[in-house]
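[1] Any chance you could fold what I've pasted below:
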Amino acid sequence: MLKRHARAACTALAAAGMLLAGTGGAVADPAPTPAAPSAAATLRTADAPPELLAAMQRDLGLTPTQAKARLAHEAEAGATAARLRDRLGAAFAGAWVDGADAGTLTVATTRAADTAAIRAAGARAKLVPRTLADLDGAKAALDRAAGPATPVRYVDPRSNTLVVEETEAGAAARLLDATGTDSALVTVVRTDEAPRPLYDLRGGDAYYMNGSGRCSVGFPVTKGTVNGFATAGHCGRAGTTTTGFNRVAQGSFQASVFPGSDMAWVAANTSWTSTPYVKGSGGANVQVAGSVLQPVGASVCRSGSTTGWHCGTIQQHNTSVTYPEGTISGVTRTTVCAEPGDSGGSYISGSQAQGVTSGGSGNCSSGGTTFFQPLNPILSAYGLTLKVSGGDPGPGPGEPEPGGTWKAGTVYAAGATVTYGGATYRCIQGHQAQTGWEPPNVPALWQRA
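    Numbers count the residues shown, from 1 in each chain. Below is the predicted model:
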């Protein structure tokens, strides 16, 4: 907790018109089928603001060209990995991107017959002995018995192992013995610093709880006509009142979960309006266009009230962390630094909201590790709608939406199915649906079943 008190981008394929000749004469060319948008177009990577690109160059050692290419490659890699995960089913063993511009996607599988399909999709194939589900199951057993001496557990798809960090020699071995976990599944990493609550508060912008503690706004949201924001659960409990960065009365916590998860939302009073922005370098606005969670290896930037704007990469999803207050699960581990006061703040990849700052270790001088609570579960749990920029205005007069179960504002997890326009679609990347992202329009997010 961080709070303080007092590959190459895929090209969309278009169908070309054909000239048909017959005994009756030439037939006019049919109208060409509109090209489906690429994943990069769906996620609007070309619209990345200069401040985000500059921070990526600074923190990831990239050239301007690499920074722009990386965002496009990450979007395409995420969509490709999602389609392959859907195709591989239980044999899927993880996916990640590599290279300065994230130009290489690797997909792991336990089934040799899958490698040809992986390569045909443009990714590298890696054959491994354990499925992602097997390793996640082993981690769940460790999570139930872990203590402060084994504060972090996560599945590393690159090594196809379960990583356990220990702060004292032998702690991981004792945990494995206690749970009957096969040591062959586990890589033990010794660490001198355990994640901890860093009691300070803020977000993209600061806010204060009960007039004293400070946290950071995560992402502006709405619930019906109410404006507000998502943030970290450890920043406050339901009923905790808040004031804004300017110390003006702001609102109150409506719901909060911590430990277990680290999620909360604050409803603001009528003096405050939700905007589709995250505070970037120098106070510039960085636009938020959606909430598609990016793959392992992807770049991610964080905004916080203490240390401002910093970038790094996503290391692992579905990590479990044991703080002194208890264990939280389902968080994402990153190389982004943070310090006390950054709790609750925004993690964004390109224009896609990722999550809110939970906790970490280290600092922004020597470097560190941080964890974020993914945003989509917060939106889903509390029925919130992420405030986004540049939304499609939707159908005009006389153009009703096709019937079906798909609905803008709903948070869809990978594997969810909907109907739209008489067809069934399966979600391949979790996201909150929005107008303009109807299933036929965004093959990066939906696959026709």
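[2] For the stretch 301-449 of the chain, which segments count as helices?
    Under the criterion DSSP state H, counting those that start in this stretch, the stretch 301-449 of the chain contains helices at 375-382.
[3] in it, which segments are predicted with low confidence?
    Filtered on pLDDT under 70, the stretch 301-449 of the chain yields the residue ranges 390-401.
[4] could you redo the last one with a cut-off of 50?
    Along the stretch 301-449 of the chain, segments meeting pLDDT under 50 span 392-400.
[5] Please enumerate the strands of it.
    For the stretch 301-449 of the chain, the strands defined by DSSP state E, counting those that start in this stretch cover 308-323, 326-334, 346-349, 352-363, 367-374, 385-386, 411-412, 417-420, 423-427, 431-432, 446-448.
[6] Was I right to think Thr322 contacts Arg144?
    No: counting by Cβ atoms under 8 Å, Thr322 does not reach Arg144; the two are 11.0 Å apart. Heads up, the C-betas are built off the backbone N, CA and C, glycines and all.
[7] Of those two, which one has the most company?
    Neighbours per residue (other Cβ atoms under 10 Å) separate Thr322 from Arg144, with Thr322 holding more: 21 against 10.
[8] Excluding covalently adjacent residues, which one is nearest to that one?
    Leaving aside its sequence neighbours, Thr322 sits nearest to Pro151 (Cβ to Cβ, 6 or more residues apart in numbering; 4.8 Å).
[9] likewise Leu142?
    With sequence-adjacent residues excluded and distances taken as Cβ to Cβ, 6+ apart, Leu142 is closest to Arg153, at 5.3 Å.
[10] What is the burial count for the one you found?
    Neighbours around Arg153, by other Cβ under 10 Å: 26.
[11] Of the strands of the stretch 301-449 of the chain, which stretch is the most buried?
    Among these, strand 346-349 has the highest mean neighbour count (mean count of other Cβ atoms under 10 Å), at a mean of 31.
[12] which helices and strands does it pack with?
    Counting contacts by 3 or more Cβ pairs under 8 Å, 6 or more residues apart in numbering; DSSP states H and E, strand 346-349 is packed against strand 277-279, strand 299-304, strand 352-363.
[13] Now render these as a markdown table, adding distance to Phe372.
    Shown next, in a markdown table, are the helices and strands packed on strand 346-349 (distance: least, Cβ to Cβ, whole Å):
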| stretch | distance to Phe372 |
| --- | --- |
| strand 277-279 | 13 |
| strand 299-304 | 8 |
| strand 352-363 | 4 |
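[14] residues contacting Ser389?
    276-277, 287-289, 351 (Cβ atoms under 8 Å, 6 or more residues apart in numbering).
[15] closest to Val226 among those residues?
    Lowest distance from Val226 to those (Cβ to Cβ) belongs to Pro276, with 16.4 Å.
[16] if you go through the stretch 101-250 of the chain in chain order, where are the strands?
    104-109, 124-127, 152-156, 161-166, 186-190, 198-200, 206-209, 213-216, 219-223, 226-231, 241-243, 249-257.
[17] I'd like these as JSON lines, with mean pLDDT and distance to Ala423 appended.
    Converted to JSON lines, the strands of the stretch 101-250 of the chain look like this (pLDDT from 0 to 100; distance: least, Cβ to Cβ, whole Å):
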{"stretch": "strand 104-109", "mean pLDDT": "98", "distance to Ala423": "27"}
{"stretch": "strand 124-127", "mean pLDDT": "98", "distance to Ala423": "31"}
{"stretch": "strand 152-156", "mean pLDDT": "96", "distance to Ala423": "34"}
{"stretch": "strand 161-166", "mean pLDDT": "96", "distance to Ala423": "39"}
{"stretch": "strand 186-190", "mean pLDDT": "96", "distance to Ala423": "44"}
{"stretch": "strand 198-200", "mean pLDDT": "33", "distance to Ala423": "49"}
{"stretch": "strand 206-209", "mean pLDDT": "91", "distance to Ala423": "44"}
{"stretch": "strand 213-216", "mean pLDDT": "90", "distance to Ala423": "42"}
{"stretch": "strand 219-223", "mean pLDDT": "95", "distance to Ala423": "30"}
{"stretch": "strand 226-231", "mean pLDDT": "95", "distance to Ala423": "32"}
{"stretch": "strand 241-243", "mean pLDDT": "94", "distance to Ala423": "45"}
{"stretch": "strand 249-257", "mean pLDDT": "96", "distance to Ala423": "36"}
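[18] Which of the ones you listed sits closest to Arg83?
    Checking those against Arg83 by Cβ to Cβ gives strand 104-109 as the closest, at 10.0 Å.
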